[in-house]
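>>> Sequence and predicted structure, then a few things I'm wondering about:
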Amino acid sequence: MRNWKWMFTAALLVSVSAAAQQPTESQPSTQPDAGAATQAAPAAPASQPLVPETQTQQSTAPAPTPSLLPQPTTMDQVVDRFIEREHALMKALSALTPVVETYLQNLSADPQLGSVPSADHYFLGRMDMGESVDRKDYLKNDDKGMETRLMGGFHKFFKVQYQPLGFSWMIYADRTDFDRSHYQFHYIRREFLGDVRCLVFDVTPQKGAGKGRFQGRMWVEDQDYNIVRLNGTYTSAPRNSYFFHMDSWRLNLIPGYWVPAYIYSEEGDFSAGAKKSKIAFKAQTRIWGYDLKKGNKDDELTQIRVDSVTDESPTAQDASPLQAERQWQQQAEDNVLERLTRAGLLAPEGDVDHILQTVVNNLLVTNNIDLPRPVRTRVLLTAPLETFSVGNTIVISRGLIDVLPDEASLAAVLSHELGHIVLGHNLGSKYAFNDRMLFSDDSTYANFGFKHIPEEETAADKKAVELLNNSPYAQKLDNVGLFLKELQARAPQLNALLTTRLGNSLTSNGTLTRLPALATQGPALDNNKLDQVAALPLGGRVKINPWNDRAEMVKTTPVAITSARDKMPFEVTPFYPRLARYGAQTVPSAPATAAANSNTSN
């Protein structure tokens, strides 16, 4: 496989639910019962290391809480300090409502590829970090009975297959009783996680501490003594229920605090002789949008910026009818982009947009296309594979950028939306009326939609092929064909990943519908050919700053693929971010998935 060259320098799980257990007398009802899964769950790899970026402190960032304890000189004092810091973190984040996304893949055994996805589930919503532990779903569940049970309150989540908050709840070891009376702490060693030296402790519940207590290992950074990683499970699950394992990571995105960012969960054992597991899955939970305003409160006056927009040029004049029409469409386009950004679904403009813009410009210039308004590109922050265009702006999801193997495949995806723009299909001018933007974040998908009729989709595909054949990517379309073949092969098992909310789907009922003419090009798929990587795992291209939602390309080092099992197309993998302290300049590292898929031919 080829690198993306200079270009890529780089949980309502919808059918999910961890069986929450009945709290004991010694444990409040808000204890992480959601950490349990009552029935089988899926699997799959995927996730990338995110490196916190240097940034100025945001106006909504909680102020660091000074410790009341003396600087530790013994391990007992270290324990007291990180217990205190954990409670300070929960208090500091209690007023925030970040976006929570969980993507889960059920697993089955394959003799050649090992464990592979057999089905998948997806959850997206906002989580209240306060004591209420409430959430708002961006995706509505058609099963109203199930939704009613799930929304009844955290302590009422019983006997459901996968419970979204069960995954996102694992941001803390214990939400209510993290103290010495409930836990024993055993110091193990010192260890570096990225650039950060940590003290490692094993944690076990005290006898009689109650059900649903954390058991596992935690890493504590050695300057302010904040917990930066949790790895383990919860113990004493109720009858007919299961607690699943988790690996929870935090990033130092603001001064004084390490903010929960990623959670990886996995169950099931496919090794030889292992007893077949009732639960077999891999899941990624990502948290972002910490800086989104809670409850859509008005910004303070100190945050208002006034920019000069006065046109003082001697040629200033009224707009002609055609100019007025184009300005009206531009207003609609800008309204949509602004509203998606405020909802935490669209990344602010940044470096990834510039990379995408370069590919679009390659297509425009080589096809001699001169549009009256420039074409822009933006990144949708979600995992499902999705593209759409609004006005002259092409939007592509983080998940789709992640799995594309090379620049030509990216060009093919962008060319379809560019075809809609060139053919004048985008007529969403109704969004120029600002009252249409007045809705809650959780109803975004109900108020926005940019799908096209089948005839327009066919015309855009035809135009895309024409644009590609006249572009620098014309000799590389065999790679595009391989990607589309892999997508077709995996589509029946990845319904949630391929379900779009704003644009047209790449598949329909498990059958490829996007650019089918290109799917016939190139060689046949062959898993035994290690140099043939048709698609990447999730998490190998783009990283998102969980505090300010900015997108960056993951910078990876090529790693040789040694077997077909290293390819993992469209799959979920564990998270391994390179930790760094706030404000430190570091060289980002990539997750095993991204590195493994930059094969030796790069």
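Structure received. Note that the coordinates shown come from a computational prediction; the quantities given were computed from them, not determined experimentally.
>>> For this protein, name the helix or strand with the lowest mean pLDDT.
Lowest by mean pLDDT, DSSP states H and E among the helices and strands of the chain is helix 144-150, with a mean of 33.
>>> what bridges to the nearest residue to Pro205 once chain neighbours are set aside?
Distances taken as Cβ to Cβ, 6 or more residues apart in numbering place Arg213 nearest to Pro205, at 3.7 Å, with adjacent residues excluded. The C-beta positions use only the backbone N, C-alpha and C, and glycine is treated the same way. Note on Arg213: beta-bridge partners by DSSP bridges are Thr235.
>>> so Arg213 touches Tyr183, yeah?
Yes. Counting by Cβ atoms under 8 Å, Tyr183 is a contact partner of Arg213 at 7.2 Å.
>>> can you pull out the helices in the chain?
Using DSSP state H, the helices found in the chain span residues 75-93, 144-150, 164-168, 321-342, 351-366, 398-403, 407-422, 444-447, 454-469, 477-490, 592-596.
>>> which of those helices sits most buried?
Compared across the helices of the chain, helix 164-168 shows the largest average neighbour count, a mean of 31 (mean count of other Cβ atoms under 10 Å).
>>> Now do Val403 against Asp195, distance only.
For Val403, the distance to Asp195 equals 29 Å [Cβ to Cβ, to the nearest Å].
>>> err, Tyr183, not the other one
28 Å.
>>> What segments of the stretch 101-250 of the chain are strands?
114-127, 135-137, 183-193, 196-205, 213-221, 227-235, 242-243, 245-254 (DSSP state E, counting those that start in this stretch).
>>> Sheet partners, orientation included, of the first one?
Here strand 114-127 has these sheet partners by DSSP bridges: strand 99-110 (antiparallel), strand 135-137 (antiparallel).
>>> What's the local residue count around Ala517?
The tally of other residues near Ala517 (other Cβ atoms under 10 Å) stands at 13.
>>> could you list every residue that touches the closest residue to it other than its chain neighbours?
Counting by Cβ to Cβ, 6+ apart, Val465 is the residue found nearest to Ala517 once chain neighbours are left out, at 5.7 Å. Listed by Cβ atoms under 8 Å, 6 or more residues apart in numbering, the contact set of Val465 reads 415, 515, 517-518.
>>> circling back to that earlier point, what's the most buried one of the strands of the stretch 101-250 of the chain?
Most buried among those, counting by mean count of other Cβ under 10 Å: strand 242-243, with a mean of 25.
>>> where does the stretch 1-150 of the chain have low pLDDT?
Along the stretch 1-150 of the chain, segments meeting pLDDT under 70 span 1-60, 132-135, 141-150.
>>> So Tyr103 sits against Ala383, correct?
Yes. The pair Tyr103 / Ala383 is scored as a contact, 4.9 Å apart, by Cβ under 8 Å.
>>> neighbour-wise, which of those two wins?
Tyr103 (31 against 25).
>>> that older thread, next, format the strands of the stretch 101-250 of the chain as JSON lines and append distance to Ala491.
Below are these laid out as JSON lines (distance: least, Cβ to Cβ, whole Å):
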{"stretch": "strand 114-127", "distance to Ala491": "11"}
{"stretch": "strand 135-137", "distance to Ala491": "25"}
{"stretch": "strand 183-193", "distance to Ala491": "37"}
{"stretch": "strand 196-205", "distance to Ala491": "41"}
{"stretch": "strand 213-221", "distance to Ala491": "36"}
{"stretch": "strand 227-235", "distance to Ala491": "33"}
{"stretch": "strand 242-243", "distance to Ala491": "30"}
{"stretch": "strand 245-254", "distance to Ala491": "29"}
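>>> Which among those strands is found nearest to Val572?
Closest to Val572 of those, according to Cβ to Cβ: strand 114-127, at 8.0 Å.
>>> okay, the angle between that closest one and helix 477-490?
80 degrees (axes from the mean of the first three to the mean of the last three Cα atoms, to 10 degrees).
>>> Now do strand 114-127: distance to the chain's middle.
When C-alpha coordinates are averaged (Cα atoms, centre = their mean, to the nearest Å), strand 114-127 and its chain have centres 12 Å apart.
>>> about what we covered before: pick the most buried one from the strands paired with strand 114-127.
Using mean count of other Cβ under 10 Å, strand 99-110 ranks as the most buried of these, with a mean of 25.
>>> Please export the C-alpha coordinates of that strand as PDB.
The C-alpha coordinates for strand 99-110 follow below in PDB (Å, rounded to 0.1, in the frame of the first residue of the first chain):
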ATOM      1  CA  VAL A  99     -20.300  14.500  23.400                       C
ATOM      2  CA  VAL A 100     -20.000  10.800  23.900                       C
ATOM      3  CA  GLU A 101     -19.600   8.300  21.000                       C
ATOM      4  CA  THR A 102     -19.400   4.500  21.400                       C
ATOM      5  CA  TYR A 103     -18.900   2.200  18.500                       C
ATOM      6  CA  LEU A 104     -19.000  -1.500  19.100                       C
ATOM      7  CA  GLN A 105     -18.300  -4.500  16.900                       C
ATOM      8  CA  ASN A 106     -19.500  -8.100  17.800                       C
ATOM      9  CA  LEU A 107     -16.900 -10.700  17.000                       C
ATOM     10  CA  SER A 108     -16.800 -14.100  15.400                       C
ATOM     11  CA  ALA A 109     -13.900 -16.400  14.700                       C
ATOM     12  CA  ASP A 110     -12.300 -16.600  11.200                       C
END
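>>> Okay, the residue nearest to Pro205 and Val203: tell me how far apart.
9 Å.
>>> Overlap in contacts, these two.
The contact sets of Arg213 and Val203 overlap at Tyr183 (Cβ under 8 Å, 6+ apart).
>>> Got the confidence number for the residue nearest to Pro205?
Arg213 is assigned 89 on the pLDDT scale.
>>> can you pull the contacts of it?
27, 174, 177, 182-183, 205, 234-236.
>>> In CSV, list the contacts of Val465 along with pLDDT and distance to Pro372.
What follows is those, written out as CSV (pLDDT from 0 to 100; distance: Cβ to Cβ, whole Å):
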residue, pLDDT, distance to Pro372
Ser415, 98, 20
Leu515, 96, 27
Ala517, 95, 29
Leu518, 96, 29
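>>> biggest separation within those, which pair?
Farthest pair in the contacts of Val465, by Cβ to Cβ: Ser415 and Ala517, 12.2 Å.
>>> and the end-to-end length of stretch 448-458?
22 Å (Cα to Cα, to the nearest Å).
>>> ok, residues contacting it?
For stretch 448-458, the surrounding residues in contact (Cβ under 8 Å, 6+ apart) are 336, 339-340, 388-390, 420, 423, 425-426, 428, 460, 502-504, 513.
>>> count of residues packed around Lys451?
13.
>>> Sorry, slip of the keys, the one I care about is Pro72.
17.
>>> quick one: low-confidence parts of the stretch 301-450 of the chain?
In the stretch 301-450 of the chain (pLDDT under 70), the answer is 301-316.
>>> try it again with 90
Counting by pLDDT under 90, the stretch 301-450 of the chain contains low-confidence ranges at 301-320, 322-326, 427-429, 442.
>>> Which among the helices of the chain is found nearest to Phe281?
Nearest of those to Phe281, taken as Cβ to Cβ: helix 164-168 at 10.6 Å.
>>> any idea of the mean pLDDT for that closest one?
pLDDT averaged over helix 164-168 gives 62.
>>> got it, and stretch 530-540?
Averaged across stretch 530-540, pLDDT comes to 92.
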